[in-house]
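> Compute the structure for the input listed below.
(one chain, ligands or ions: 1)
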Amino acid sequence: MMELFTYYRSTASYRVRLALALKRLDYQAVPVNLLGAEQHQPAYRALNPQGRVPALRTECGQLLVQSSAIIEYLEEVYPEPALLPADAADRARIRGVAALIGCDVHPLHNLSVLNQLRAHGFDEAAVNQWVQHWIGQGLQAIEALLGDDGWCFGAMPGLADVYLVAQLYAAQRFGLELDPYPRIARVAALAARHPQLQAAHPARQADAPVQ
Ligand SMILES: N[C@@H](CCC(=O)N[C@@H](CS)C(=O)NCC(=O)O)C(=O)O
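Numbering: from 1, shown residues only. Reported below is the predicted structural model:
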């Protein structure tokens, strides 16, 4: 069975859990406690020299890193249900939203980036403003890119939804409201009613603190 090295509230791990859930793939979750700095322990660094989650051990034992590469692997090896449509331009539009989140928004609020800000004198209020600024700017652009009904792009959840739903959990953690973004709020409402996606939610992970 596949093994996913994950942390319950890691945005990038959550993306991979969502992709696995949509494809109904079984896996063993291996928690890596980021607040306990387990990602920097030699045992984990031997798996992922970057010291970040997620990492996936495939059914054949190969070790993969980077959520985008892991999700592409899943799409190629387990093509059904597909996370991307057949049309090349549609695929590019969806990958555009995924890249906006994965390359331009999420890296700016990763734990080690926020710790660097703290080391340079940012207090918690300034850190929060920083995160709200970058997530807010990303959500504004995404709102303009999404379609008018259904999931991000159409009747079925796919790659853009995987990136967006995980990013919205971080948005909520950092105190952003979705009221200014009706299309995004529509996708969030669909995700909240989707049993497979809900099973991937941070609050449903074994390593989440008991509420
Ligand atoms: N581009 C990477 C980002 C991975 C990443 O930044 N993971 C965060 C959690 S969401 C992490 O492990 N941070 C640990 C740290 O910064 O020490 C991916 O998509 O997999």
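> near the ligand, which residues of the chain?
10-12, 34, 39, 51-54, 66-68, 102, 110-112 (C-beta under 6 Å from any ligand atom). Quick note: C-beta positions are derived from backbone N, CA and C, even for glycine.
> What subset of those residues is buried?
With neighbours counted using 16 or more other C-beta atoms under 10 Å, the residues of the chain next to the ligand contain these buried positions: 10-12, 34, 39, 51-54, 66-68, 102, 110.
> Tell me the backbone dihedrals of the residue sitting furthest away from the middle of the chain, please.
Most distant residue from the mean C-alpha position of the chain: G121, 28.2 Å away (C-alpha atoms, centre = their mean). With angles defined as degrees, to the nearest 10, G121 shows backbone torsions of phi 100, psi 0.
> Make 26 the first number, not 1, from now on.
Yes, from this point I'll number from 26; that puts the last item at G146.
> Please name the residues that touch the residue lying closest to Q192 once chain neighbours are set aside.
With C-beta to C-beta, 6 or more residues apart in numbering as the criterion, Q192 has its nearest non-adjacent residue at 4.9 Å, and that residue is I126. Applying C-beta atoms under 8 Å, 6 or more residues apart in numbering, one finds that I126 lies in contact with G163, I167, Y188, L189, Q192.
> got it, and P110?
Contact criterion C-beta under 8 Å, 6+ apart gives R116, I119, F178, G179, G183 as the residues in contact with P110.
> Format the CA atom coordinates belonging to stretch 209-216 as CSV.
What follows is stretch 209-216 as a C-alpha-only set of coordinates in CSV (Å, rounded to 0.1, in the frame of the first residue of the first chain):
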residue,chain,number,x,y,z
ILE,A,209,-14.7,30.4,-4.4
ALA,A,210,-17.3,30.3,-1.6
ARG,A,211,-19.5,28.1,-3.9
VAL,A,212,-16.6,25.6,-4.4
ALA,A,213,-16.0,25.6,-0.6
ALA,A,214,-19.7,24.8,0.0
LEU,A,215,-19.5,21.9,-2.5
ALA,A,216,-16.4,20.6,-0.8
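> Give the buried residues for that stretch.
When burial is assessed from 16+ other C-beta under 10 Å, stretch 209-216 yields the following buried residues: I209, R211, V212, A213, L215, A216.
> contact partners of that stretch?
When contacts are taken as C-beta under 8 Å, 6+ apart, the neighbours of stretch 209-216 outside the stretch itself are 164, 167-168, 171, 174-177, 182, 186, 189-190, 193, 203-204, 222-223.
> Give me the buried subset of those.
Burial by neighbour count, 16+ other C-beta under 10 Å: within the contacts of stretch 209-216 this picks out L164, I167, L171, W176, C177, P182, D186, L189, V190, L193, L203, L222.
> among those residues, which are in helices?
L164, I167, D186, L189, V190, L193, L222 (DSSP state H).
> Please identify which of those residues is nearest to Q230.
Nearest to Q230, judged by C-beta to C-beta, of these is L222 at 13.3 Å.
> Quick check: L139 is in a strand.
No: assigned with DSSP: H, G, I helix; E, B strand; the rest coil, L139 falls outside any strand and is helix.
> That one - nearest residue in space that isn't next to it in sequence?
Nearest one to L139, counting by C-beta to C-beta, 6+ apart, is V152 at 5.5 Å.
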